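**Q** Any chance you could fold what I've pasted below:
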Amino acid sequence: KQEAKLGEIVGMDQPLIFMISDAGYQVEANVPEVDIANLQVGQETEVTLDAYPGVLFEAKVTSVDPAATMVEGVATYRTNFAVISKDPRLKSGLTPDVDVVTREKTGVLVVPQRAIVTKDGKTTVRIEQDGTLVAQEVVTGIRAEGMIEIVSGLKEGERVLVQEKK
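**A** Coordinates of the predicted model:
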């Protein structure tokens with residue numbers, strides 16, 4: 001992109017030409033502190049673009065800053081992702097969303113995170129038993145997208161109270 005024309009007067013600090021390399025696209029993202037322990041350089045990821053909903057582009061983690069950057073009071077770490085996919089739809093300036101799978105399990109029992117009650121060091125859910133609510137101690141696992149894995153203490157089919165009516 002050329003910002004100045006022949007004969008035009010420009011300031012010394014004014015950019016005149018913008019160039020984009022054909023070496024591939026990079027995505028820079030601020031990863032929250034709670035998720036940074038799950039990232040490693042070389043780890044494969046997926047990028048979606050607002051312009052192309054549902055289309056996945058392959059990427060991988062290329063670097064993670066060692067120092068935190070505060071974003072709205074939250075410690076985050078600037079992380080760079082190299083987009084591996086070669087696709088003519090990729091363009092500079094598109095808004096990306098990066099998904100990183102850090103752990104994956106299938107066939108697990110999950111409940112909404114708001115169903116979990118932690119009190120006095122015990123983690124419980126409230127289940128219906130003979131028409132009354134009973135606190136059932138559980139062991140939890142992976143948390144993702146508002147859900148939490150129940151490792152033990154609950155059986156499939158048991159009715160769990162998610163939120164009491166007020």
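**Q** Tell me the gap between the lowest-mean-pLDDT helix or strand in the chain and the middle of its chain.
**A** Of the helices and strands making up the chain, the lowest-confidence element is helix 33-36, at a mean of 85, by mean pLDDT, DSSP states H and E. Here helix 33-36 is found 10 Å from its chain centre; the criterion is CA atoms, centre = their mean, to the nearest Å.
**Q** Please apply the same query to stretch 24-33.
**A** When C-alpha coordinates are averaged (CA atoms, centre = their mean), stretch 24-33 and its chain have centres 11 Å apart.
**Q** Likewise for stretch 116-135?
**A** 30 Å.
**Q** cool, stretch 9-25 as well?
**A** Computed by CA atoms, centre = their mean, the chain-centroid distance of stretch 9-25 equals 32 Å.
**Q** for this protein, which spans come out with low pLDDT?
**A** 22, 164-166 (pLDDT under 70).
**Q** Which neighbouring elements make contact with the longest strand anywhere in the chain?
**A** In the chain, assigned by DSSP state E, the strand with the most residues is strand 52-64. With contacts taken as 3 or more CB pairs under 8 Å, 6 or more residues apart in numbering; DSSP states H and E, strand 52-64 sits against strand 26-32, strand 44-49, strand 74-83. Every residue, glycine included, has its C-beta placed from N, CA and C.
**Q** So what angle separates the directions of that strand and strand 74-83?
**A** 110 degrees (axes from the mean of the first three to the mean of the last three CA atoms, to 10 degrees).
**Q** List the strands paired with strand 52-64, with their directions.
**A** Here the strand partners of strand 52-64, with direction, are listed using DSSP bridges: strand 44-49 (antiparallel), strand 74-83 (antiparallel).
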